[in-house]
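*Asks:* have a look at this prediction, sequence included:
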Amino acid sequence: MDSAGDAPGTHDNPDTREQKTMIDIAAQIKTVHREVGIRSIDGTENVAVLLRRDYDAPVREVWEALTDPGHVKRWFYPLGGDLRPGGTFQLEGNAGGRILHCEPHHLLRVTFGAETSVVELRLSPGGEGSTTLELEHTVPLEMAGSGAGALYVGPGWDGAFLALGLFVAGEVADDPVAAANSPEAQEFSRQSVKAWTAAIEDSGTAGPDDIAAAVEASLAQFSPDTAPSGPDDQA
C-alpha cells in the first residue's frame, strides 16, 4: 500500500513542537474511530482504510480548512493545482492527484498518488455545531497485499486528523513540517501504529506475518526515532 504515493504526515525536516503545543496523546488517539476492510469497487477488491472523528467546529469551517490552500498550508502541506472538479492538486513535497468529485461542504473524492489509490472525504453536521469527518482511502488488494497495508497510510492520516483538530481549535504550529517530525509527534505515531494494528487484527484481513512486517515498516516510516530494536519491543 506504500506504493500508492507518499504517506501523509511524513516529512524531511526534523524539529520540535513542544514550545507550541503539548498534546494528550492517549486522548487524541481515542478521538478517532478506525476500520480496515476489503470491499469491491467496480469489480476490483480493494483494501479500505476508514477514519472517523468529530471536530468542534461547523461544517463550513472544517471544509475550508480541508480545501482552501491558505488554510491547508498552515496545518498540512502547501497546496496547489487546478483546484476544481476534473482538475488536479499537488501537495508540495508529497502526493498529488486528480479531483474526481466535489460536493462543497459535503464530499471530496480524489486520486492520491497512483490512479487506483482513491481518498474520499465526507463531512456531516454533528451535535451542537460540530462536524463529523470521515476519510476513506482505498487501494486495490493486489497492490496492498492484505489489510496489513493499512499500516502504510493509516498512521499518516492519523497525524493529519490530529493536525486538523489543532488547527480548528486555534492551535497552529509555526512550522507544520517541523511539527510532524517532533519527538511528540513520533510518539503519537507509535501509538497510532498500535491502534491500526488492533484494527487490522479485528478485521481479519491479514495474517500475523504480514502484520508484523507492516508494523516494522510503519514504525520506521512514521516514528523512526522510537522504532523498536527487536520484536519484543513492538508490544
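*Replies:* Right, received. Where do you want to start? All values reported here derive from a predicted model rather than from experimental measurement.

*Asks:* which SS class is the spatially most central residue of the chain?
*Replies:* Using CA atoms, centre = their mean, the residue of the chain that lies closest to the mean C-alpha position is W157, 0.8 Å off. In terms of secondary structure, W157 is helix; the call rests on DSSP: H, G, I helix; E, B strand; the rest coil.

*Asks:* and Q221, backbone torsions?
*Replies:* Q221 adopts backbone torsions of phi -80, psi -50, taken as degrees, to the nearest 10.

*Asks:* surely it and Y152 touch.
*Replies:* Yes. Between Q221 and Y152 there is a contact under CB atoms under 8 Å: 7.3 Å. All C-beta spots, glycine's among them, are computed from the backbone N, C-alpha and C.

*Asks:* the two: which is more packed in?
*Replies:* Neighbours were counted for Q221 and for Y152 using other CB atoms under 10 Å; Y152 has more, 24 against 21.

*Asks:* just the pLDDT for that one.
*Replies:* For Y152, the model assigns a pLDDT of 97.

*Asks:* which stretches in this protein count as strands?
*Replies:* Assigned by DSSP state E, the chain shows strands spanning 33-41, 44-55, 79-82, 88-91, 96-103, 107-112, 114-125, 131-140.

*Asks:* by contact count, what packs against the second one?
*Replies:* Judged by 3 or more CB pairs under 8 Å, 6 or more residues apart in numbering; DSSP states H and E, the packing partners of strand 44-55 are strand 33-41, strand 131-140, helix 141-144, helix 154-168.

*Asks:* pick the most buried one from these.
*Replies:* helix 154-168 (a mean of 23; mean count of other CB atoms under 10 Å).

*Asks:* what angle do that helix and strand 114-125 make?
*Replies:* On the basis of axes from the mean of the first three to the mean of the last three CA atoms, to 10 degrees, helix 154-168 is oriented at 40 degrees to strand 114-125.

*Asks:* in the chain, which helix or strand is least confident?
*Replies:* Here the helix or strand of the chain ranked lowest by mean pLDDT, DSSP states H and E is helix 176-179, holding a mean of 80.

*Asks:* okay, now A198: neighbour count?
*Replies:* Neighbours of A198 (other CB under 10 Å): 12.

*Asks:* tell me the confidence at it?
*Replies:* Looking at A198, the pLDDT reads 99.

*Asks:* gap between it and L219?
*Replies:* 15 Å (CB to CB, to the nearest Å).

*Asks:* cool, and D56?
*Replies:* From D56 across to L219, the span is 31 Å (CB to CB).

*Asks:* likewise for T197?
*Replies:* From T197 over to L219 (counting by CB to CB), the distance is 10 Å.

*Asks:* all set, thanks.
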